[in-house]
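Undergrad: the following comprises the amino acid sequence and a computationally predicted model.
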Amino acid sequence: MRVVAYSIKSFEKEPLAIANNKKHDITLISNSLGSETASYAAGKEAVIVFSEDDVSAQVINRLADLGVKFIATRSTATRHIDQEAANLRNIKIANVPLEALLALSEKELPMALAVETIVNLDKWQQKKCLGNACVCSRSCDQAHSLLNPNSKPQHH
């Protein structure tokens, strides 16, 4: 998957490279995402953001126009992402599930965030359900299967 990661700090580069293990073509940039920097996503399928990035409706529309289909945040929070705008433009969103970070030391957090972010990219690429990392308007396979075990899986 072709990806651009915004707002990358120096301490995040190595964990992302290790977690990615050359599976995805990821461009790491220190610039935050905003209307002026959305163009860096041209030709990319996904963007990786952080909680300080501008992922407003205006920016999401620009990303969608550039061909972006996925937004993965390196955080548990998703309030910074206009989920309604993403849904309207059929952009899927994933976060880092809180339970993936429980009982970790501060030193372990960058690697855990990187691993969970790459796992989300992997699952999207394989058209698999993201489970607890899925942030979308539709019910996930896991939740759906608990309610109706005979139903067909939904891939999102």
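TA: That came through fine. In this text the structure is predicted, and so the values were computed from the model without any measurement. Residues are numbered from 1 along each chain as shown.

Undergrad: which residues touch Asn20?
TA: Asn20 sits next to Ile26, Ala114, Ile118 when contact means C-beta atoms under 8 Å, 6 or more residues apart in numbering. Placement of C-beta: from N, CA and C, glycine included.

Undergrad: in helices, which of those appear?
TA: Ala114, Ile118 (DSSP state H).

Undergrad: save the contacts of Asn20 as TSV, and put in neighbour count and distance to Val68 too.
TA: Shown next, in TSV, are those (neighbours: other C-beta atoms under 10 Å; distance: C-beta to C-beta, whole Å):
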residue	neighbour count	distance to Val68
Ile26	22	14
Ala114	23	20
Ile118	22	17
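
Undergrad: now the helices for this structure?
TA: Counting by DSSP H, the chain has helices at residues 10-20, 57-65, 83-88, 109-125, 141-147.

Undergrad: by contact count, what packs against the third one?
TA: Spelled out, that is helix 83-88. With contacts taken as 3 or more C-beta pairs under 8 Å, 6 or more residues apart in numbering; DSSP states H and E, helix 83-88 sits against helix 57-65, strand 92-94.

Undergrad: pick the most buried one from these.
TA: Counting by mean count of other C-beta atoms under 10 Å, strand 92-94 has the highest mean neighbour count of the helices and strands packed on helix 83-88, with a mean of 24.

Undergrad: pull out the buried positions in stretch 69-77.
TA: Under the neighbour-count criterion of 16 or more other C-beta atoms under 10 Å, stretch 69-77 has Lys69, Phe70, Ile71, Ala72, Thr73, Arg74, Ser75, Thr76 buried.
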